[in-house]
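S.K.: Here is my input; please provide its structure:
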Amino acid sequence: MTKTMIILTVGVLAALLGVAVQFKADSLATRWQSLGSSTWSGTTNPAAVRGYELVGLYLMAFGLALAVLAVQKWLSGGVAAQNVRSAA
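M.R.: Numbers count the residues shown, from 1 in each chain. As a prediction, this is how the structure comes out:
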């Protein structure tokens, strides 16, 4: 596995993690409290929701940037040239 493929994999995983954090921002920012037997209630902090959404957005952007850079290197021949040199 080349360095470019590792960077691409890390970028895609970071982008997916960012999307997951964005989708679950409301759940992550909710403080759950027990109200008795098998009953729960939660209060959501709007500032924390916005914070989780921003963290998810930044993580997604970072992952996509890594993936784009890896694909650009791959398409420009960086990976193919490495494979030809290693085969010789």
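S.K.: Could I get the buried residue list for the top helix by length along the chain?
M.R.: Longest helix of the chain, by residue count under DSSP state H: helix 46-75. For helix 46-75, burial by neighbour count (16 or more other Cβ atoms under 10 Å) applies to 49, 52-53, 56, 59-60, 62-63, 66-67, 70, 73-74. All C-beta atoms are positioned from the backbone trio N, CA, C, and that covers glycine.
S.K.: okay, and for this protein, where does confidence drop off?
M.R.: By pLDDT under 70, the low-scoring segments of the chain are 78-88.
S.K.: Could you export the buried residues of helix 46-75 to JSON lines, including columns for distance to Ala29?
M.R.: Below are these laid out as JSON lines (distance: Cβ to Cβ, whole Å):
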{"residue": "Val49", "distance to Ala29": "4"}
{"residue": "Tyr52", "distance to Ala29": "6"}
{"residue": "Glu53", "distance to Ala29": "9"}
{"residue": "Gly56", "distance to Ala29": "12"}
{"residue": "Leu59", "distance to Ala29": "16"}
{"residue": "Met60", "distance to Ala29": "18"}
{"residue": "Phe62", "distance to Ala29": "21"}
{"residue": "Gly63", "distance to Ala29": "22"}
{"residue": "Leu66", "distance to Ala29": "27"}
{"residue": "Ala67", "distance to Ala29": "28"}
{"residue": "Ala70", "distance to Ala29": "32"}
{"residue": "Lys73", "distance to Ala29": "38"}
{"residue": "Trp74", "distance to Ala29": "38"}
